[in-house]
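# no sequence on this one, just coordinates:
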């Protein structure tokens, strides 16, 4: 869900673009999306914290499905093409 000013909430479908244990990569991808105004979410963060520092449970990077193509282009231009899921 995403916030729509004073008009309430709207449902937004999210799509997974990256699955990784690399916190730096996730932070970089998140900053790129915020700069572009694309809603994003890092899923499974709580599970990753629960497992400790083993790094066994990857986190998923999700973006708005309506802006998937734009997000993929931004991440590719930033050198993250190899990290993108098909």
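Received the coordinates, thanks. Note that the structure is predicted; figures quoted are calculated from it, not measured.

# Check which helix or strand the nearest residue to residue 67 once chain neighbours are set aside maps to.
For residue 67, ignoring the flanking residues on the chain, the nearest one in space by C-beta to C-beta, 6 or more residues apart in numbering is residue 38 at 5.0 Å. All C-beta atoms are positioned from the backbone trio N, CA, C, and that covers glycine. In this assignment (DSSP states H and E), residue 38 forms part of neither any helix nor any strand.

# can you tell me which residues contact residue 38?
By C-beta atoms under 8 Å, 6 or more residues apart in numbering, the residues touching residue 38 are 63, 64, 67, 70, 71, 74.

# Max pairwise distance over those: which two?
64 and 74 (12.6 Å; C-beta to C-beta).

# on that earlier part again, quick one, grab the pLDDT at the residue nearest to residue 67.
Residue 38 is assigned 96 on the pLDDT scale.

# quick revisit: sitting in helices, which of the contacts of residue 38 do you find?
Per DSSP state H, helices hold the following members of those: 70, 71, 74.

# wait, the first one sits on residue 36?
Spelled out, that is residue 70. Yes - Residue 70 is within contact range of residue 36, at 7.0 Å (criterion: C-beta atoms under 8 Å).

# if we can go back for a sec, format the ones in helices among the contacts of residue 38 as TSV; extra columns: neighbour count and distance to residue 56.
Compiled in TSV, these are given as follows (neighbours: other C-beta atoms under 10 Å; distance: C-beta to C-beta, whole Å):
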residue	neighbour count	distance to residue 56
70	15	32
71	26	27
74	18	29
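
# which stretches of this protein have low pLDDT?
Along the chain, the model assigns pLDDT under 70 to residues 1-10, 47-55.
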